[in-house]
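Chemist: Generate coordinates for the sequence data below:
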Amino acid sequence: MALAGQTLTADQQRIMDNMRTKMIALFREDMKWETLGPMFREIYKRRGYN
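Modeler: Have a look, this model is predicted:
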């Protein structure tokens, strides 16, 4: 981890917590089946796995 062993200030910790929350939301949105399904179907279709 990039910050291993370092102590963060309260402001730095708040920024890190905010960034973590945003990243989790982004992954949840981008990794849901409604987003990934069409891409996977296209990949399998191109490979001949209808």
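
Chemist: Just the element for the residue nearest in space to the middle of the chain, please.
Modeler: Centroid check for the chain by Cα atoms, centre = their mean gives residue 27 as the closest residue, at 2.8 Å. Residue 27 is part of helix 10-30, with elements assigned from DSSP states H and E.

Chemist: if we look at that helix, which residues are touching it?
Modeler: Applying Cβ atoms under 8 Å, 6 or more residues apart in numbering, the contact partners of helix 10-30 are 3, 8, 35. All C-beta atoms are positioned from the backbone trio N, CA, C, and that covers glycine.

Chemist: Leaving out the residues flanking it, which one is nearest to the first one?
Modeler: Distances taken as Cβ to Cβ, 6 or more residues apart in numbering put residue 16 closest to residue 3, at 7.7 Å, once the chain neighbours are dropped.

Chemist: Report how many residues lie close to that neighbour.
Modeler: 12 (other Cβ atoms under 10 Å).

Chemist: ok, it to residue 37 distance?
Modeler: Residue 16 sits 33 Å away from residue 37, going by Cβ to Cβ, to the nearest Å.
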